[in-house]
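S.K.: Need a 3D model of the sequence below.
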Amino acid sequence: MTPRNLALAAINSLDKGTGFPDQYLKSAFLRYPHLSERDRAFTVNLVQGTLRWRLRIDWVIGRTVNFSFRKIEPAVLNILRIGLFQILFMDRTPESAAVDEAVKQAKRFGRRHVAGFVNGILRSVCRQKHGITFPDRETDNVHYLSVFYSYPPWLIKKWIKEMGVGLTEQLLAAGNKIPGLIIRTNTLKIDRSGLIKHLDQEGVAGSATRYSPEGVELSGLKGPVNGLTSFNEGLFQVQGEAAQVCSHFFSPAPGDRILDICAGLGGKSTHVAQLIGDRGFILSLDINYTRLVSLISSSRRLGIGSIRTVVADAGGDLSFLLHSSFDQIIVDAPCSALGTISKHPDGKWIKNEGDIKRLSILQRKILNNAAPLLREGGKMLYLTCTISRQENEDVVSGFLKDNRNMELGDLKDHVPEWGMGLIDDHGLFRASPHVNGMDGFFGAMFIKKD
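M.R.: Here you go, the predicted model:
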């Protein structure tokens, strides 16, 4: 199993609907331990890059073939996509190597004309790649932005409607940048400067993040992050900066009873545990048992004992399961994740407008189910990692209509000084890749009236 063949299998898995490419690669690396760290990094780059630029690559293919683009078999099309990503975007990869390896993959089909077709298309693009033209921006701006930045037209239309052309183009460009790896200092064991020194001794450079006081951006990491001694000693947790910022909105205090709904892998649960000095009660609820097992494992590694877990569907009635009230509730709702496209470029192609509507209904339902569990005077933080008015502002206004005993709080009253610039005039949290250099996040604070 070579890196290119593994990349092809991962991308094919997405087309077949058998899984997500990153999950496929994670399990594949366990099956093929002979792959070096360099090979694994190359494989990930091929998959992420091909998915990131898929629509622009398809435009080039469509301009090169002399028949309908749709007639190309999906597996052959993915061979072309991977080859063209290397030719168009990877300067350090020789064009000849990209072409030769793609032809080898095509020969596995057992039909001579397939290999010849792949060879001809790739070599033609090699000769003409500096003369590629794009749709005319003046006559059809949406088509131009869609092809040039490689995003589906429906999403571009949505964002232009919500934020205008200029900001949309900035967001498209930011979403195509390869993100850095951000970790969160485990302040129960070490401070940020101490962690940076510890990482330096392991040959990894760390720099303080712009907003989060616990955040560190890594550079020079060779190999998986869980291979670091500092990771296994529980000195840090992998977590994006925008997600780290959110936990500070609560100002949680020792002794608080906190419910984390849709807890997932527990990034916010473990962070809140740090902020209360591991003195309190945190109940992490998720529908996925496997994710909660990972949360428990992370808690043990980090030295956290205040977290308990429960498997439950937040879309159903929770009152029969949880009979006590909570001081604070986090609802990190399932969303379209349009704010994390730089990390998960496949999100461009697996989401559609119907998902936005379906998820917004679910988000509102989860909030309505959570509200009765909040004590009077308690705070509930609603979060998404998406940039979508229907899933953000519209859900907030709908929830307030459904629950007259809840009011919208101003996050400026809760956020530390360093985060004031992340709160808008309506008291809502907004982080954007093109403005703050972080994942796109949204947050609103609800307070239960006495």
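
S.K.: domain assignment for this protein?
M.R.: What automatic domain parsing lists as the domains of the chain is 3-131, 141-175, 181-238, 241-448.

S.K.: What segments of the stretch 301-450 of the chain are strands?
M.R.: Ranges of strands in the stretch 301-450 of the chain, per DSSP state E, counting those that start in this stretch, are 307-311, 326-332, 374-384, 406-409, 429-431, 441-448.

S.K.: Please identify which of these is closest to G240.
M.R.: Closest to G240 of the strands of the stretch 301-450 of the chain, according to Cβ to Cβ: strand 441-448, at 8.5 Å. In this view, the C-beta of every residue, glycine as well, is placed from N, C-alpha and C.

S.K.: Next, the angle strand 326-332 makes with that closest one.
M.R.: 150 degrees (axes from the mean of the first three to the mean of the last three Cα atoms, to 10 degrees).

S.K.: Strand 441-448 pairs with which strands?
M.R.: Using DSSP bridges, strand 441-448 pairs in its sheet with strand 374-384 (antiparallel), strand 406-409 (antiparallel), strand 429-431 (antiparallel).

S.K.: Tell me which residues are up against the last one.
M.R.: When you say that, I think you mean strand 429-431. 242, 245-246, 249, 339, 383, 411, 415, 422-424, 438-444 (Cβ atoms under 8 Å, 6 or more residues apart in numbering).

S.K.: Filter the residues you listed down to the buried ones.
M.R.: The neighbour count (16 or more other Cβ atoms under 10 Å) marks 242, 245-246, 249, 339, 383, 411, 415, 422-423, 438-444 as buried among the contacts of strand 429-431.

S.K.: Now, the residues you listed that are in helices?
M.R.: Taking DSSP state H, the ones among the buried ones among the contacts of strand 429-431 that sit in helices are A242, V245, C246.

S.K.: which of those residues lies closest to R291?
M.R.: For these, the residue nearest R291 by Cβ to Cβ is C246; the value is 18.1 Å.

S.K.: if I look at that closest one, how far off is W59?
M.R.: Counting by Cβ to Cβ, to the nearest Å, the gap between C246 and W59 amounts to 38 Å.

S.K.: How confident was the prediction at the closest residue to N436 other than its chain neighbours?
M.R.: Nearest residue to N436, sequence neighbours excluded (Cβ to Cβ, 6 or more residues apart in numbering): L422, at 6.9 Å. Looking at L422, its pLDDT is 96.

S.K.: Provide a list of residues in contact with L422.
M.R.: Residues near L422 by Cβ under 8 Å, 6+ apart: Y211, V245, V415, F429, R430, A431, N436.

S.K.: just checking, what packs against the helix or strand hosting A98?
M.R.: Here A98, judged by DSSP states H and E, is contained in helix 95-107. With contacts defined as 3 or more Cβ pairs under 8 Å, 6 or more residues apart in numbering; DSSP states H and E, helix 95-107 has these neighbours: helix 3-16, helix 74-89, helix 112-128.

S.K.: any idea of the pLDDT on the nearest residue to N45 once chain neighbours are set aside?
M.R.: Once flanking residues are discounted, N45 sits nearest to M90: 7.7 Å by Cβ to Cβ, 6+ apart. Note on M90: pLDDT of 94.

S.K.: I'd assumed V60 was in contact with V125.
M.R.: Yes - using Cβ atoms under 8 Å, V125 is in contact with V60, at 6.1 Å.

S.K.: List the contacts of the residue lying farthest from the centre of the chain.
M.R.: Residue farthest from the centre of the chain, counting by Cα atoms, centre = their mean, is R112 at 40.5 Å. With contacts defined as Cβ under 8 Å, 6+ apart, R112 has no neighbours.

S.K.: For it, give its distance to V103.
M.R.: In this view, R112 and V103 are 11 Å apart by Cβ to Cβ.

S.K.: about what we covered before: export the helices and strands packed on helix 95-107 to JSON lines and tack on distance to V47?
M.R.: Below are these laid out as JSON lines (distance: least, Cβ to Cβ, whole Å):
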{"stretch": "helix 3-16", "distance to V47": "5"}
{"stretch": "helix 74-89", "distance to V47": "8"}
{"stretch": "helix 112-128", "distance to V47": "19"}
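
S.K.: Point out the one among those that comes closest to V165.
M.R.: Among the helices and strands packed on helix 95-107, the nearest to V165 by Cβ to Cβ is helix 74-89 (25.2 Å).

S.K.: Tell me the helices and strands packed up against that closest one.
M.R.: Helix 74-89 packs on helix 3-16, helix 37-52, helix 54-64, helix 95-107, helix 112-128, going by 3+ Cβ pairs under 8 Å, 6+ apart.

S.K.: what's the angle from the fourth one to helix 3-16?
M.R.: Same thing as helix 95-107. Calculated by the same axes, to 10 degrees, helix 95-107 forms an angle of 50 degrees with helix 3-16.

S.K.: quick one: contacts of helix 95-107?
M.R.: Under the contact criterion Cβ under 8 Å, 6+ apart, helix 95-107 has outside partners 2, 4-5, 8, 76, 79-80, 82-83, 86-87, 90, 114-115, 117-119, 122-123, 126.

S.K.: again with the second one
M.R.: Residues outside helix 37-52 that contact it (Cβ under 8 Å, 6+ apart): 2-4, 6-7, 10-11, 14, 21-22, 25, 29, 35, 57, 78, 81-82, 85-86, 89-90, 150, 176, 178, 222-224, 345-346, 348-349.

S.K.: ok, and for it, which residues are buried?
M.R.: For helix 37-52, burial by neighbour count (16+ other Cβ under 10 Å) applies to 39-40, 42-52.

S.K.: gap between Q390 and K357?
M.R.: To K357, Q390 is 7 Å away according to Cβ to Cβ.

S.K.: Which one of these two is surrounded by more residues?
M.R.: Shown here are Q390 and K357; by other Cβ atoms under 10 Å, Q390 has more neighbours (19 against 12).

S.K.: just checking, that one touches G354?
M.R.: No - taking contacts as Cβ under 8 Å, Q390 lies outside contact range of G354: 11.6 Å.

S.K.: if we can go back for a sec, so which of the strands paired with strand 441-448 gets nearest K197?
M.R.: Taking Cβ to Cβ as the criterion, K197 comes closest to strand 429-431 out of the strands paired with strand 441-448, the separation being 28.4 Å.
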